[in-house]
Structures are given as C-alpha cells and as structure tokens.
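Q: attaching a predicted model along with its sequence, questions to come.
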Amino acid sequence: MRSQISHRLMVAVAATILVAFSLFGVSLIVSQHEAMTSEIELQANQLSETIKSSTRYAMLRNRPDQVHEIIDTIGQQEGIDQVRIFNKEGKVSYADEKALIGSLVDKDAESCYACHAADAPLERLSMSERTRTFRANGGRRALGIINPIYNTPSCSESDCHAHPASQTVLGVLDVTMSLESVDRQMAANRRRALILVPAAILAASGMIWILFRSLVLKPMQRLVEATDVVASGNLDYRLEVKRNDEFGRLDESFNAMTEKLAEAQKQILQSNKLASLGQLTAGIAHEINNPLTGVLTYSSFLLKRAPADSEMKEDLETVVREAKRCREIVKGLLDFSRQVPTRKTSIDCNQVIDRALGIVDNQLGVRNIQVTKTLQTDLPEVTGDANQLVQVLINLLVNAADAIGDQGGEIFISSGVKDLNGGRHVEIKVADTGCGIPRDQVDQVFDPFFTSKGTEGTGLGLAVVWGIVQEHGGAIRVDSKPERGTTFTLLLPVHFTLRPTTTEDTDDAPM
Amino acid sequence: MTHRCDVLVVEDELVVREAARKILLEENLAVAMANDVDEAVAILEGTSCRLVLTDLMLPGASGFDLLGLTRKRWPSTEVVVITGYATVDHAVMTFREGAFDFVPKPFDIGELLGVVRRALRFSADRPALLALAPSTSEDEVADERNDSCYFLGRHSWARLHTDGSATLGVAETFPRLLDKIEQLELPAPEEHSRQGQLLARILAQGEIVYRVWSPLSGTVLAANPRISHSIDLIDRDPCGAGWLIRIIPHDLDRELELLDRRRFGLE
C-alpha cells in the first residue's frame, strides 16, 4: 500500500514538473528566438541602409565599379550571405557573387514576393513586410531584407540620365543574412532543456521520495507495527510521541486508544474473574450450608440441655458462635458472588430535562412560573439510570417552585459541558428567583429530614437528589442569595464507569 | 388412614431434615418427612397437613413444583420454602408462586421456629386474616396509599413517594402472627437494603426470630423515628405510621415489576 502511495506521488510530481518545465522552456525558447531574430532583422536593416547610403554617391556619379567594390567588401563580412541590387525588371545589376550579375530574378521569388504579390507592385513597405526568413541552399536558414531604392530628383536629374523621372522605384537592394548563429544558439538551448528537465524531475522525485519516506512512511510504519503489537494482545505497548505534527497527534491518540482498550479489557477480565469466582463460591457455599445447618441445630440443642455454668455449656456456646461465624463467612462469599443487575444506560441529559419539565409543567403553570430553558445541543451522554435523574430534576424543580411561592417568578434551567478535575462533565443548572436559603442553612439542605417547608415537606427531596447524584459519580452544589434566588449546579461525569454496587454491605443479608 | 400432621418436611439432605424434625418436635408438632416430591405428594394425599416445609433443590421434581402442586390441590396448606442460598430471584419467585415465606439455609432454631409459627398461625386463622381490611392510617387516606403501594407476597410492602424515596414496612397480617415483640433490628442509614433479602429482624420471647424480607433494593436513609420509641406501632398500623425504614430505591423499574399491586399477593 505504502509503495503505491509513494509511487503515485512521484509519478504525479514528475508529470507536474514535466508539464511545467516544458511550458516554461518552450515559452523561453520561443521568446529568445524572437528576440534574436528581431535583432538580426534590425542589423540587416541597418546594414541595408548603410549599403544604400554608401552606394548612393557612386550611383549618382554613375560609377558602377565603386558600387561593385562596396558590395564586395560588405558581402565578405561574416554573417552576410548575399548582397544584391536588381533593377525594376529584376535583372541583377550588382552582387557580391559575380556570377549572379546579369541574371533575372523571377517576380515570384521570395525577395520579390512582398511587393509583387498583388498585381500592381506596391511601392512603400513596412520593415516587417520587407523581411523574410527562408531556407537557403543547403538547408541553412537565412533572413532576407529588401530595401527599395526610390527615385529622387537627384537621380533623374543626374548627368547619366539613366533613370527617367516617371519611375518611382529604381530597383531593390536585397541583403540576405545567415541565421545560422541564431539556430546554433537555439539548438544549444534546446539540448540544455532536454538535459535539465529530466534532471529536475529526477531530483524532485528523489527529494519527494526521501521526504515521504522520513515524514510519512516511517511514522506510518511505526504505527502499523504498534497496531500489530496491540492486535497481538500487548495492550501495554505505548508509542513514544516524538513529533509535533499530525503524526505526533496520531501517536497520542493511538496511545489514548490503547489505554482505553486496556482499561476496558481489564474491566471485562475483572468481571469475568468475579463471575467465575462467584459461580465457584456459590457452589461451595451451597454445599456447606447443609452440614452447617446440622452443626448449628444440633449444637444449639446440646447447648439448651447443657447444665448452667458448666464447662460443657461454655464449649457448646463456642461451637454455636463459631458455626454462626461460619454462616456469616459463607453469606459474605455469597453476597460477593451475587451480581446485582444494574439498569444503567447511556443518557441524553437534555431528554432527562425535557421529561422532568413535562411532568412538573402543570404545577409550574398553575403557580405562574416562567421556565426558561437553555440547552446545549450535542451534549455528550452520561451513564446512569434515566428515571433516577428525572427524579433529581423533578425534585430540584419542585423545590424551586416552592421557593418562588404563589406570587410567580422564573426558573432557568440550562445544560452544558464542563471540564473538571481532568474529566468531562455534563453540567445542569436549575436556578430560581425564589426566596433563597438563609446563609446558616445552606450546608444543611442535603441532610435527610431537613426542611424549610414546615409540615409540607418530608425533608428528603434533596437527600434523595444527593444520593442519586453520588450513585452516578457526580456532584451537586448549591449557591443561594436570600431573597434573590437559589441555583443548584449538577455535574455528571461523561463516561462514568459504575462501581459495582454489590458487596460492601453484608451484615443484614440472609443466607 | 389419616393421622394428624402439622408439618411435612421435604428435604433430601438427611442432616437438615433431621435437624428440622428435632426443632419441630420441640414445639410438640406432628412432623412427617419426605425425601422428594413424589413421597411428599403421597403423604399429602393420605394426610391433611397444615404446612409443607420444602427444600428447593430436590432429586427429581423441584420444590417449586411441589409448591405449585400444593397451592393447587391443597390450597389451605401453607408452604414455606427452604432455599440453599437466597437469590433475589428465588426469594421473589417463592412469593409469586404463592409460598407463605421462605427460610434460607443454614437456619438456627429461632429462625425456623419463627417462620413455622407464623405459617401455622396463618393457616389456623386464614379466613379472618385474608378478610383483614386495610386499617385507616393516621395521616393518610387508605385509597391514595394503595395507589403507591407494592407488595412482596403478604409479607412486606414498599410505598413510593413523590420525592423519590420509598418507605418499607410489613404487611398487615404479619404482626398478627407474632409473639410479643421484644426487639426490632433495623439497618442503619447508609446501609443497603436488597430486594428479597433481610430488611428487619423482629425478636420475640424464647429466642424466636422473625425475619422481614425487603421488597426493594436501595440505600437506607433512615429508620422510622417513631417506631424506635414505640414498637407497637407495627402492630397498630403496619401499613401506615408503622413503616420501618425509608430508602432511595436503586433499581425501581425492574424491581417493581416483580412485586404485586394486590394486598395479599396471589390468592
């Protein structure tokens, strides 16, 4: 499972890097290519302008030899493929390559296409329209720029009278520059990218794998091993919590879970042990009871017949007394083995409150008492006897109503959660606007037969409340201000495991 | 052939049977003995017995079988069950099946005599005792009292109060079957009472012990303060002012189901 996760992660990382780097690389190469090309283009344009202006004088003077010389010189420079000047008919007049002079350039050739694409030749062109890239002989890429030579008055008025004034364009200067250096650079870049991207993918995947291993796989492996140990029955196993991250928290909750599990198992074991011990003792005690009946009866009879003040009477008294002691011991064993079934269930305290209110509702309504209920939803459940807790609340509500009397008032009942002494508790408050409890009597309210209601009350309501709350492992507190009202605060532990109410009291149970 | 038989002891344990016989003979009672249910039935068919004292665990049919049979065929014969060890189930069951009472082993002389005397007196005065109307209470109306009362056979009762406590006491017939009460032993506050187990011991002259079984389990709040001053309240108003102790019930829902609403149990 874990190898699959790491593999999947690495494949995903590699794919992401591949896509990202490819997009990035391609856009970088494209923009670089564009920048370099436009620079060449600019160079070519400048060159072409330079040639045009430097040959102008020679042209005006009608000195073709000078033009040839200039073109030859320039054409020898590195990066310049070809320099040609051809006239309007397409006849090459000057070229750095002498063989071309006099040849005709087809109007459909790439150098003419820009102007001659339309039927009538265009005379003014922008720079981009004048440039073109193409594959020259041998597959090398080249950039060509044409520069039309326009007729100017100085041309038509010159002594040679070579060009009539009616002509707009006298010819075209065509400079072709090699793009080889650009292409070389681009190829190098591409090669570099082809090496870099896989390297990056490898490095990133490797890093991810190492991180995954140390951050996820190892702690996970630890947990899996710990789970196996616990599953094999060692509930004392605890993980050392080393980290502060999610895995640290997982370790902590694993430990807490194991602890709870151990506790639960211990309780089950304990109760199983008690149950089997109980069966055993019950069996033995039952068998002992028969002979003990005989011993007790016959020794009692002998005792009755024994002469007063005799040694025999004393001895028999000992026998009877010790037989009775035996009986008590057996009875104790039997009481111990007896499991008193308890009816404790998980209880939603809000339901308990609603049930209690439902029962005393009428009584409160008649006495003009307003009840305000503030219940927290999603209360954790407590373990106990729902009926007993309803009784607790009824008693508290009835007390509150009695404290308020007949002139009307308010009762506030609320539920909530409170953490106390390291344990979670459900807190229920019953507050009234009644007469309150005199300061000197607050400590006595839970005592049996303490009552402020004269002959009306039994004085047991709060004693019963106290007893039930104790039975549930809870606590109850009273805060009272005379003439202002009384608040009873009830705390019931969440997840309270009941102590078995079986055996402490053995004195008065029969055999 | 019919001869007088006061008590028929049905017990397979020889030593217990002989011990019971010896105790009963001391009271000048006519005692018959049986080893199992078949023998017991044979005796009952030939002789009219006032009381059957039977163990629960017998070879073959059980003491419960004999109890049912006796109630059906010889309704005027009372049955007291001897239990090896009294569980709540056994105790409550014996009353539900119509037993007069039960006596847990091992018993001593006073304990056995206490229950046998009561049973014989009940059988002797049965119609009058069964017709015994609830006496009017000192501070409460009997009808209202009946609504909140639950009975363990015709032995003891529990009364529920609106404050969540319960008072426990002995049934009306109980005091009428006793000798002069000398002493009353009640559990102290904070102690626990348990359904079907000892609630109180009433001691009478001649080391006779009458035991009262509790109808409910709970924590004892207090004993009746008035009864400690005048024990004869039990005699005068057993179901009212003569209540014995007040408890906080532990397991009311379950235990009430096992009790009777009727005053004299199954008649």
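A: Great, that's in hand.
Q: can you show me the strands along the chain?
A: I went with chain A, as the question did not name one. Listed in chain order, the strands of chain A (DSSP state E) span A:80-87, A:92-95, A:131-135, A:141-150, A:169-178, A:345-347, A:369-374, A:382-384, A:409-420, A:423-432, A:475-481, A:485-493.
Q: my question was about chain B, not that one.
A: Secondary structure of chain B by DSSP E: the strands cover B:5-10, B:31-34, B:49-55, B:78-83, B:101-104, B:149-152, B:156-160, B:166-170, B:181-185, B:192-193, B:198-204, B:208-213, B:218-223, B:245-249.
Q: for these, which has the smallest mean pLDDT value?
A: The weakest mean pLDDT among the strands of chain B belongs to strand B:192-193, with a mean of 81.
Q: would you mind giving the strands of chain B as TSV with distance to chain A added?
A: In this view, the C-beta of every residue, glycine as well, is placed from N, C-alpha and C. Listed next are the strands of chain B as TSV, based on distance: least, Cβ to the nearest Cβ, whole Å:
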stretch	distance to chain A
strand B:5-10	12
strand B:31-34	14
strand B:49-55	9
strand B:78-83	9
strand B:101-104	4
strand B:149-152	14
strand B:156-160	10
strand B:166-170	10
strand B:181-185	8
strand B:192-193	5
strand B:198-204	5
strand B:208-213	7
strand B:218-223	5
strand B:245-249	4
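Q: okay, those strands in CSV with mean neighbour count next?
A: CSV is the format used below for the strands of chain B (neighbours: other Cβ atoms under 10 Å in any protein chain shown):
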stretch, mean neighbour count
strand B:5-10, 23
strand B:31-34, 20
strand B:49-55, 25
strand B:78-83, 26
strand B:101-104, 25
strand B:149-152, 23
strand B:156-160, 23
strand B:166-170, 26
strand B:181-185, 14
strand B:192-193, 26
strand B:198-204, 22
strand B:208-213, 23
strand B:218-223, 21
strand B:245-249, 26
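Q: so what are the domain limits for the chain?
A: Let's take chain A. By the assignment in automatic domain parsing, chain A contains the domains A:50-181, A:247-337, A:345-493.
Q: look at chain B instead
A: Chain B resolves into domains spanning B:5-125, B:133-258 when parsed by automatic domain parsing.
Q: least reliable of those by average pLDDT, please.
A: Looking at the domains of chain B, the weakest mean confidence is domain B:133-258, a mean of 81.
Q: where do the helices sit along chain A?
A: Counting by DSSP state H, chain A has helices at residues A:2-60, A:64-75, A:110-116, A:127-130, A:153-156, A:180-212, A:218-231, A:246-305, A:311-337, A:349-366, A:386-404, A:461-471.
Q: what about the residue nearest to residue A:153 when sequence neighbours are not counted, distance to residue A:57?
A: Nearest residue to residue A:153, sequence neighbours excluded (Cβ to Cβ, 6 or more residues apart in numbering or on different chains): residue A:165, at 7.6 Å. Separation of residue A:165 from residue A:57 (Cβ to Cβ, to the nearest Å): 20 Å.
Q: so which helix or strand of chain A has the lowest pLDDT on average?
A: The weakest-scoring helix or strand in chain A, judged by mean pLDDT, DSSP states H and E, is helix A:110-116 (a mean of 69).
Q: where are the low-confidence patches of the stretch 351-500 of chain A?
A: A:422, A:448-449, A:452-459, A:495-500 (pLDDT under 70).
Q: how about the residues of it by chain B?
A: Within the stretch 351-500 of chain A, the positions near chain B by Cβ under 8 Å from any Cβ of the partner chain are A:385, A:387-388, A:391-392, A:394-395, A:398, A:448-449, A:458, A:460-461, A:463-465, A:467-468, A:471.
Q: can you select the buried ones from these in ChimeraX?
A: Only the buried entries of those go into this ChimeraX selection, using 16 or more other Cβ atoms under 10 Å in any protein chain shown:
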select /A:385,387,388,391,392,394,395,398,448,458,460,461,463,464,465,467,468,471
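Q: residue contacts, the residue nearest to residue B:25 when sequence neighbours are not counted?
A: Setting aside the residues directly before and after it, residue B:25 is nearest to residue B:31 in space (Cβ to Cβ, 6+ apart), at 6.2 Å. By Cβ atoms under 8 Å, 6 or more residues apart in numbering or on different chains, the contact list for residue B:31 reads B:5-9, B:20-21, B:24-25.
Q: partners of residue B:31 in the sheet?
A: residue B:7 (DSSP bridges).
Q: could you measure from it over to residue B:111?
A: 17 Å.
Q: same check on residue A:446?
A: Computed as Cβ to Cβ, the residue A:446 to residue B:111 distance reads 38 Å.
Q: same question, residue A:390
A: Using Cβ to Cβ, residue A:390 is found at 40 Å from residue B:111.
Q: now for the nearest residue to residue A:307 once chain neighbours are set aside: which residues touch it?
A: Of all residues not flanking residue A:307 in the chain, residue A:313 sits nearest, at 6.6 Å (Cβ to Cβ, 6+ apart). Taking Cβ under 8 Å, 6+ apart as the criterion, residue A:313 is in contact with A:303, A:306-307.
Q: okay, and for the stretch 201-350 of chain A, where does confidence drop off?
A: A:270-271, A:273-275, A:277-278, A:335-343.
Q: quick one: residues in contact with stretch A:25-36.
A: Residues contacting stretch A:25-36 (Cβ under 8 Å, 6+ apart): A:182, A:185-186, A:189-190, A:193, A:197.
Q: surely residue A:317 meets residue A:303?
A: Yes. Contact status for residue A:317 versus residue A:303: in contact at 6.3 Å, counting by Cβ atoms under 8 Å.
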